[in-house]
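*Asks:* Got a predicted structure plus its sequence, pasted below:
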There are 6 protein chains.
Amino acid sequence: MRPNALRRLKAEDKPIVNAWLSIGAAYAAEAIAHQGFDAATIDCQHGMIGFDTAIAMLQAVSSTPAIPLVRPSGLNAAEIMRFLDAGSYGIICPMISTAEDAARLVAACRYPPAGDRSFGPARGMLYGGADYLDHANDEILVLAMIETRQGLANLDAILAVEGLDGIYVGPNDLGLALGHRPLNEPESGPVAEAIELVRARTDEVGLISGIFCSNGEAASMRIAQGFDLVTPGNDAALLRVAMASAVKQARQ
Amino acid sequence: MRPNALRRLKAEDKPIVNAWLSIGAAYAAEAIAHQGFDAATIDCQHGMIGFDTAIAMLQAVSSTPAIPLVRPSGLNAAEIMRFLDAGSYGIICPMISTAEDAARLVAACRYPPAGDRSFGPARGMLYGGADYLDHANDEILVLAMIETRQGLANLDAILAVEGLDGIYVGPNDLGLALGHRPLNEPESGPVAEAIELVRARTDEVGLISGIFCSNGEAASMRIAQGFDLVTPGNDAALLRVAMASAVKQARQ
Amino acid sequence: MRPNALRRLKAEDKPIVNAWLSIGAAYAAEAIAHQGFDAATIDCQHGMIGFDTAIAMLQAVSSTPAIPLVRPSGLNAAEIMRFLDAGSYGIICPMISTAEDAARLVAACRYPPAGDRSFGPARGMLYGGADYLDHANDEILVLAMIETRQGLANLDAILAVEGLDGIYVGPNDLGLALGHRPLNEPESGPVAEAIELVRARTDEVGLISGIFCSNGEAASMRIAQGFDLVTPGNDAALLRVAMASAVKQARQ
Amino acid sequence: MRPNALRRLKAEDKPIVNAWLSIGAAYAAEAIAHQGFDAATIDCQHGMIGFDTAIAMLQAVSSTPAIPLVRPSGLNAAEIMRFLDAGSYGIICPMISTAEDAARLVAACRYPPAGDRSFGPARGMLYGGADYLDHANDEILVLAMIETRQGLANLDAILAVEGLDGIYVGPNDLGLALGHRPLNEPESGPVAEAIELVRARTDEVGLISGIFCSNGEAASMRIAQGFDLVTPGNDAALLRVAMASAVKQARQ
Amino acid sequence: MRPNALRRLKAEDKPIVNAWLSIGAAYAAEAIAHQGFDAATIDCQHGMIGFDTAIAMLQAVSSTPAIPLVRPSGLNAAEIMRFLDAGSYGIICPMISTAEDAARLVAACRYPPAGDRSFGPARGMLYGGADYLDHANDEILVLAMIETRQGLANLDAILAVEGLDGIYVGPNDLGLALGHRPLNEPESGPVAEAIELVRARTDEVGLISGIFCSNGEAASMRIAQGFDLVTPGNDAALLRVAMASAVKQARQ
Amino acid sequence: MRPNALRRLKAEDKPIVNAWLSIGAAYAAEAIAHQGFDAATIDCQHGMIGFDTAIAMLQAVSSTPAIPLVRPSGLNAAEIMRFLDAGSYGIICPMISTAEDAARLVAACRYPPAGDRSFGPARGMLYGGADYLDHANDEILVLAMIETRQGLANLDAILAVEGLDGIYVGPNDLGLALGHRPLNEPESGPVAEAIELVRARTDEVGLISGIFCSNGEAASMRIAQGFDLVTPGNDAALLRVAMASAVKQARQ
Ligand SMILES: [Mg+2]
Ligand SMILES: [Mg+2]
Ligand SMILES: [Mg+2]
Ligand SMILES: [Mg+2]
Ligand SMILES: [Mg+2]
Ligand SMILES: [Mg+2]
């Protein structure tokens, strides 16, 4: 099975830079995944992407060096299994609030006896290889999003769930949950402290700590803070900024 | 019929800033068209966009202030009519090399007796209004791309074709045609001179002079040179640059 | 944020006429939404519409005066949030049977602390505006379908759920639930009485009362009865009737 | 090979009632084709339908009693062959103006030696049967649209082209071509006379005379005039009328 | 309502041969369903098929003699109802582990009072007929997949659930669940015994016993063992084998 | 630029085994292209594949070892350029009958001054690399289909066209053109002789000789005859055969 390069990067303590794909277009996904990213996450929660489009995007990312990941719409085992069958090499699952949530997430991503993933890795075997079954439980990454008040409270229990590979902080939702406006990089205060707490605890147990960032600069700062996996903005936002800036420059 | 705001901008001698859409995604089209552009051109020549996707993009652009235009794959009357029926408010037609080409282009965009456009403006009437037939010949913009050696040679004859609203320079192809590497903004030499020649002649006859540019800065320069309509880069290129820059910044 | 015109209509006590879209085609959606409707609901429960198509339909409706609403496949929070992110300005949720159901529905549609909607309003901000977050909880409409025996029994408790904007009667399912054949406009009997009961109670608490109707005539009758929001038939049924009638007339 | 029922209807001198499909949705196509039509034409000229969607619509129509036909975007042999390969049982080709046009149209629809259709009837064999090759030249219907001034002038020469099965009048374009506003059923004057002329000549040579009509009533009138094949309005127009009427009734 | 031919085959004790569709293409579905199958199941669990594609595949299968079935992604009532509305004549539901699961499955497939299916059979009526409501509860097939350790343990209770029409063995998942590698046709041992147990008990209560098989040969063996419904391999696997064999032969 | 491996195979006198893709599904394309093929041709002439689907298939093939080729619907320069822009590494163009046809084909595939291909290699650069422009004229393969009486007569003139890389025999159309039934491998007679003639002449001038074959066995025979590039059947036909055989075996 094709090894999950993200595990090696973590083992070598190298930062993982992850693209965030919310535009439902395989061409955009392919173009982005060629720009030097280690991973590319297809966002099926807030992205404008249905399942048919997600498959095409997974195929497009598969022709690039980036490892394809998916964020499902929620903790829906059947949906998660579909994305894995379609060749996703990892899941970033939103709104994991309890150890039970995390255990269900892991179970959806692991074949028995480690979990209860159903067998039928259609595209997974095309991307991963004929020996997919033998190694999938070891290669597929499982990341739990910590972005609720409850998830924060249960952080240690979540991190203790066997089979979980790491966490991914959703700063916007975490901020909202803690009573603040969405902000990816609060400079100080309870949200900033919560983010650092999540990172530190995850680091202590040796798992991957990931986080969404506003842009490249913020991602660099998060790496400096010790995060393992950073997402320097999403495609639609960066595209909007680039186009708005082009208009403005043109009119000068 | 909804007036074609681009005509007013030309009449008021205000620059027209045009988005270039090559990513086949209505969400990207809509997001871009909201960034302050006067027009948004769906590129069905070099863009990764089939007809079904183009319709969806035209619908998406229709919900924004930008005027929807289409670049067809070539001087194909049936295809051009389809895009007009689908609600495009103008055509930027590639590779117009002779007055006869230009006349065929105009004919495809105008109802009899001005041309031979076939009647059936399906989405056109939804976007344009119930009186579409009465005004379409006056509102739809027809721009001929000057980007071949022959087109350059026949420039005056092309500009003299009745019903043509303007030209649009394709600097890359023009450069190639003149024996140079594709370059949007050559600083000097025969291609730069040819571009200026096209602009000047078009200006003399009072038609719209448009041009593709590498980015916002270049577009600003073209406006300063006197171009009426500028395209500050295409979506895929700007997105690639933005994403590559985000990766680079993240890794710093 | 673009105001939700349906709230104003309710405030002014003007009837809301809502189109029902079950054909998975953005062109049909756009054509219909231009015919004078106040709202257009994309039916992702019984309609032949997947998520990718629903996005395109939301974009198409966004170019018309009608306010876009969605009926999700069920009380699935992740799915509901996706439709809101995609720009739906309201949710008509099937099969709400208990106050707990209604509370979960409201929670899916409201950002914290009013609910637990996750942040990431991709198309929502394009349609709604940059200040979407500040007003979404006030503008997004939340309507619970009353169409089960249990829902009828729990009507008052459902209506008391904070944040619910109104109800929408599904006469067919309600009829089936009460042991009758599906019929949109029963003239008398328990189903007719139940419908009137729902309307009256909803009216008493000042919420929006909506209902599906067979056609325009029936909708007019429902308005006369006091309903606030009526749906005069669905697109596929009206299209079938129109086409069958055209054939019949042709053969005469 | 499945016989083309339209030929039998013509032989029995029974009117052929044809649906016109311009909405790009296989569900709408299927729903319509079940309403009693003898044929259903997928309009790839003025309809909002790309090739992928057209295939799906052909499949949908194939599950109904209606015979699937296609109107291509123009006299494009490669495109016409694609629609035949995709299972269309006939072609209604726009803008046939000369005998040479008609001969090219016939050639595109017939295998050698009768024409130069290329062999590869992918879906055609699924719908038509394993012996498709043996009978396709006899079963596939070829109708030329008469809708230009030149087409009218060359009518007799067009009708004399071997292999042509009939004509189809496009009253809107014919009206425009003759200097009038588009009108499907002019009561008198040169357009009305031209339409009658086309019908009469076609009848004299024993070919199928077809025509587009505004609605069922008009179609009935055209049948009374002697037309063999009538189209009682297009789907989008009838849908718009039905929905607009529903709104109006609701508001009464 | 169009009768469900599979019920007749069971009544006549004739084997049901079922195609398995995992390629998301209506053309492939149609081509396959014409090859002599009694049924064709669109696999929306492990297949690469979103909802929009599934609708198109259902339409394609509807033009063939095969009865269309769907395997949903899981025991999700809203999703199951959508597939039934879209014209599926039966459901093969994965991972049914308890009598309660089976009861929920049946309820999703039956209108009240037999279940709680919601009314709105959009395409269902096109395929089934105008009297769909009167007979749907009798015609729609409901098959529960037995493929977990728990499902095996609860087999008798599951078989006792009123309204269930039969079971379908998933040998791969069952093998995994019992601690073995996925294998469709284990020759002996606990998985082989479990499969035979399921078949025998299902036979005793007179329900349909179905099973997935590796290929035609294996399916023949399963019929000989007494299975009522067999699936001789899935489309993607058979296609891969056929193509790999063609390459190998070519290179000889 | 990624080298075109097919040129190397020809240089090393190794046979090129080419998959033929007519099913419009990127998943099928990807699965097939992983089975050991050197190339995979997306058939946009007789295949059931629109442009949007073709792009997705090109992306899917790009993730495999097979080189992506396209057969366009005909000798349409604009269409051919679109497929090249979309990343096709070669064109197999139907119905090349004259040296002039061949010259137009070559011109569509080569940038000036070798041809008149327009610049804008969107996906081409993603698949080929940043230096695409420098090498595309050398890497892109241009194959002319010989399958008409005229093409046969003009064979030597066609082979003499500068820039042409080879020919591809279409035995079915060639047979029809010569007055025979379509047959891929006629054992003797004029069609068999014509095929051998084409192969021999192509070989003499050192170009690639390709041919469509019924299956793997036939392809092996063609390699033995000296053909350089063979296509062992198309996907839909092989799939139909495999599925029909599975049914038959199951019923034994
Ligand atoms: Mg979040
Ligand atoms: Mg150009
Ligand atoms: Mg209901
Ligand atoms: Mg016409
Ligand atoms: Mg299973
Ligand atoms: Mg051929």
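*Replies:* Perfect, thanks for sending it. Just so it is clear, the structure is predicted and the values come from calculations on it, not from any experiment. Numbers count the residues shown, from 1 in each chain, chains lettered A, B, ... in the order given. Ligands and ions are numbered 1, 2, ... in the order given.
*Asks:* In chain A, which residue is most central in space?
*Replies:* Nearest to the geometric centre of chain A sits A:Ile92, at 3.9 Å (Cα atoms, centre = their mean).
*Asks:* Can you tell me the element it falls in?
*Replies:* Taking DSSP states H and E as the definition, A:Ile92 sits inside strand A:90-93.
*Asks:* so what's the nearest residue to A:Pro15 once chain neighbours are set aside up against?
*Replies:* Take A:Pro15 and drop its neighbours on the chain: the residue closest to it by Cβ to Cβ, 6 or more residues apart in numbering or on different chains is A:Ile223, 4.6 Å away. C-beta coordinates here come from the backbone N, C-alpha and C atoms, glycine included. By Cβ atoms under 8 Å, 6 or more residues apart in numbering or on different chains, the contact set of A:Ile223 is A:15, A:230, B:250-251.
*Asks:* what's the answer for A:Val169, then?
*Replies:* If you count contacts by Cβ under 8 Å, 6+ apart, A:Val169 has them with A:145-147, A:195, A:198-199, A:209-212.
*Asks:* swap in A:Glu12?
*Replies:* By Cβ under 8 Å, 6+ apart, the contact set of A:Glu12 is empty.
*Asks:* Tell me which helix or strand comes right after the host helix or strand of A:Met221.
*Replies:* For A:Met221, the host element (DSSP H and E) is helix A:216-225. Using DSSP H and E, the helix or strand that follows helix A:216-225 in sequence is strand A:229-232.
*Asks:* Are that next one and chain C in contact anywhere?
*Replies:* No - using Cβ under 8 Å from any Cβ of the partner chain, strand A:229-232 never reaches chain C; the gap is at least 12.8 Å.
*Asks:* hmm, who's touching that strand?
*Replies:* Contacts to strand A:229-232, defined as Cβ under 8 Å, 6+ apart, come from residues A:6, A:15-20, A:39, A:41, A:143, A:166, A:168, A:208-213, A:215-216, A:218-220, A:222-223, B:246-247, B:249-250.
*Asks:* And the average pLDDT for that strand is what?
*Replies:* For strand A:229-232, mean pLDDT rounds to 98.
*Asks:* neighbouring strands for that strand, and are they parallel or not?
*Replies:* Partners of strand A:229-232 in the sheet, by DSSP bridges, are strand A:16-21 (parallel), strand A:208-213 (parallel).
*Asks:* What count of nearby residues applies to the closest residue to ligand 5 within the stretch 101-250 of chain A?
*Replies:* Residue nearest to ligand 5 within the stretch 101-250 of chain A: A:Ser118 (4.6 Å; Cβ to the ion). Using other Cβ atoms under 10 Å in any protein chain shown, the number of residues around A:Ser118 comes to 28.
*Asks:* likewise A:Arg8?
*Replies:* Neighbours around A:Arg8, by other Cβ under 10 Å: 11.
*Asks:* who's in contact with A:Thr41?
*Replies:* Counting by Cβ under 8 Å, 6+ apart, A:Thr41 touches A:18-21, A:69-71, A:92, A:231.
*Asks:* Of these, which is the nearest to B:Arg104?
*Replies:* Here the nearest of those to B:Arg104, counting by Cβ to Cβ, is A:Leu21; it sits at 41.3 Å.
*Asks:* how near is the residue of the stretch 101-250 of chain A closest to ligand 5 to B:Arg7?
*Replies:* A:Ser118 sits 60 Å away from B:Arg7, going by Cβ to Cβ, to the nearest Å.
*Asks:* same question, A:Tyr127
*Replies:* A:Tyr127 sits at a distance of 51 Å from B:Arg7 (criterion: Cβ to Cβ).
*Asks:* between these two, who's got more neighbours?
*Replies:* Neighbours were counted for A:Tyr127 and for B:Arg7 using other Cβ under 10 Å; A:Tyr127 has more, 23 against 18.
*Asks:* Residues contacting the strand or helix carrying the more buried one, please?
*Replies:* If you go by DSSP H and E, A:Tyr127 is part of helix A:122-128. Contact with helix A:122-128 is made by A:1-2, A:55, A:58-59, A:62, A:68, A:84-87, A:89, A:121, A:132, A:135-136, A:139, E:22, E:46-48, E:236, F:27, F:30-31, F:34, F:63-64, as judged by Cβ under 8 Å, 6+ apart.
*Asks:* Now intersect those with the helices, please.
*Replies:* A:55, A:58-59, A:62, A:84-85, A:132, A:135-136, A:139, E:236, F:27, F:30-31 (DSSP state H).
*Asks:* which residues in the stretch 151-252 of chain A form helices?
*Replies:* A:155-159, A:171-177, A:190-204, A:216-225, A:235-251 (DSSP state H, counting those that start in this stretch).
*Asks:* what mean pLDDT would you report for the last one?
*Replies:* Right, the one you point to is helix A:235-251. Mean pLDDT, computed over helix A:235-251, is 98.
*Asks:* Point out the other elements, helices or strands, that it touches.
*Replies:* Packing contacts for helix A:235-251, counted by 3 or more Cβ pairs under 8 Å, 6 or more residues apart in numbering or on different chains; DSSP states H and E, involve strand A:16-21, strand B:16-21, helix B:26-33, helix B:216-225, strand B:229-232, helix B:235-251.
*Asks:* Can you give me the buried ones in it?
*Replies:* For helix A:235-251, a neighbour-count test (16 or more other Cβ atoms under 10 Å in any protein chain shown) marks A:235-240, A:242-247, A:249-251 as buried.
*Asks:* for stretch A:146-165, same thing?
*Replies:* By neighbour count on 16+ other Cβ under 10 Å, the buried set for stretch A:146-165 is A:146-149, A:151-152, A:154-155, A:158-159, A:161, A:163-165.
*Asks:* How about stretch A:9-25?
*Replies:* Of all the residues in stretch A:9-25, those buried under the rule 16+ other Cβ under 10 Å are A:9-10, A:15-25.
*Asks:* Please convert the buried members of the contacts of helix A:122-128 into ChimeraX selection syntax.
*Replies:* Of those, the buried ones go into a single ChimeraX selection, burial set by 16+ other Cβ under 10 Å:
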select /A:1,55,58,59,62,68,84,85,86,87,89,121,132,136,139 /E:22,46,47,48,236 /F:27,30,31,34,63,64
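*Asks:* of the contacts of helix A:122-128, list those near ligand 6.
*Replies:* The residues of the contacts of helix A:122-128 that also fall near ligand 6, by Cβ under 5 Å from the ion, amount to none at all.
*Asks:* what about the nearest residue to A:Asp116 once chain neighbours are set aside, distance to chain E?
*Replies:* Nearest non-adjacent residue to A:Asp116, counting by Cβ to Cβ, 6+ apart: A:Ala107, 5.0 Å away. As defined by Cβ to the nearest Cβ, to the nearest Å, A:Ala107 lies at a distance of 12 Å from chain E.
*Asks:* Tell me the gap between the helix or strand that contains A:Ala107 and the middle of its chain.
*Replies:* Using DSSP H and E, the element containing A:Ala107 is helix A:99-109. Distance of helix A:99-109 from the chain centroid (Cα atoms, centre = their mean, to the nearest Å) equals 16 Å.
*Asks:* and the angle from that helix to helix A:132-139?
*Replies:* Relative orientation of helix A:99-109 versus helix A:132-139 (axes from the mean of the first three to the mean of the last three Cα atoms, to 10 degrees): 150 degrees.
*Asks:* average pLDDT for helix A:99-109?
*Replies:* So the average pLDDT for helix A:99-109 ends up being 98.
*Asks:* likewise stretch A:158-177?
*Replies:* What stretch A:158-177 shows for mean pLDDT is 98.
*Asks:* on that earlier part again, want to throw the helices of the stretch 151-252 of chain A into a markdown table with distance to E:Asp173?
*Replies:* A markdown table is the format used below for the helices of the stretch 151-252 of chain A (distance: least, Cβ to Cβ, whole Å):
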| stretch | distance to E:Asp173 |
| --- | --- |
| helix A:155-159 | 28 |
| helix A:171-177 | 34 |
| helix A:190-204 | 33 |
| helix A:216-225 | 40 |
| helix A:235-251 | 36 |
